[in-house]
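I would like to see how this sequence folds:
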Amino acid sequence: MSDPLRTAHTFELDPATLGEIRALLDDAFDGSFSEEDWTHGLGGVHVLVRDGAGALVAHGSVIQRRLTHAGRSYRVGYVEAVAVRPDRRRDGLGGRVLEVLERVVDRAYDVGALSASETGSRLYRSRGWHQWEGRVEVLSPDGVVRLPEEEGATFLWPVPDRELPSSDDALIFDWRDGDVL
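Next up is the predicted model:
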């Protein structure tokens, strides 16, 4: 039997469940999951996977963002806070979480996006995410600023029946505190 999976919007999660998610993220990211990282993953749809004993073993969320590309504004399903408990990695749990998040993106957004670590990028590529080859920028309080550190780490999800943006023009994401992407 596979581990039970639940989807819920942030408002449906009680404080104890939010605490479990935060603890999983801290563990999975070796304590480097910042307070800004945490808030970036809130306000959207969460996917939670529990083991047979009820312990949280995997999580991911998709939140709404905006990006501008070639003079057009896109509603983006931005994937955040994807993590698997270290002792359960390579069990397919990350893929199960992404499968649900990708369905949310397909049905609710113009395009999906995320910023991946080198380790995580293998999973995203294997699922059909496209590595962005162009410039990545942000509309900051001081105007448009290039984010060269995000170039090569940004991935887009191809929503069915919609074309991915062309890498001829920059992706310009909305501003947020902490790591912008």
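
Tell me which residue is most central in the chain.
Residue closest to the mean C-alpha point of the chain, counted by Cα atoms, centre = their mean, is Val79 at 1.6 Å.

send the alpha carbons of the helix or strand hosting it over as CSV?
Following DSSP states H and E, the helix or strand that holds Val79 is strand 72-84. In CSV, the C-alpha atoms belonging to strand 72-84 read as follows (Å, rounded to 0.1, in the frame of the first residue of the first chain):
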residue,chain,number,x,y,z
ARG,A,72,2.7,39.9,-21.5
SER,A,73,1.8,39.1,-17.9
TYR,A,74,1.5,35.4,-16.9
ARG,A,75,-0.2,33.9,-13.9
VAL,A,76,2.4,31.4,-12.6
GLY,A,77,2.0,28.4,-10.5
TYR,A,78,5.3,28.6,-8.6
VAL,A,79,6.4,25.4,-6.9
GLU,A,80,7.9,25.8,-3.5
ALA,A,81,9.1,23.8,-0.4
VAL,A,82,9.4,20.4,-2.1
ALA,A,83,11.1,18.1,0.4
VAL,A,84,11.3,14.4,1.3
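
helix or strand right after that strand?
helix 93-108.

mind listing the helices in the chain by residue range?
15-28, 35-40, 93-108, 118-126 (DSSP state H).

Let me know which of these is the nearest to Leu5.
Among these, helix 93-108 comes nearest to Leu5, with 6.3 Å by Cβ to Cβ. Quick note: C-beta positions are derived from backbone N, CA and C, even for glycine.

angle of that closest one against strand 72-84?
160 degrees (axes from the mean of the first three to the mean of the last three Cα atoms, to 10 degrees).

Show me what helix 93-108 is packed up against.
On a contact count with 3 or more Cβ pairs under 8 Å, 6 or more residues apart in numbering; DSSP states H and E, helix 93-108 meets strand 5-9, strand 45-50, strand 56-69, strand 72-84, strand 111-115, helix 118-126, strand 154-157.

Relative to Glu163, which of the ones you listed is closest?
Comparison of those against Glu163 by Cβ to Cβ identifies strand 111-115 as nearest, at 9.3 Å.

Name every strand pairing with that closest one and say which way it goes.
Using DSSP bridges, strand 111-115 pairs in its sheet with strand 72-84 (parallel), strand 154-157 (antiparallel).
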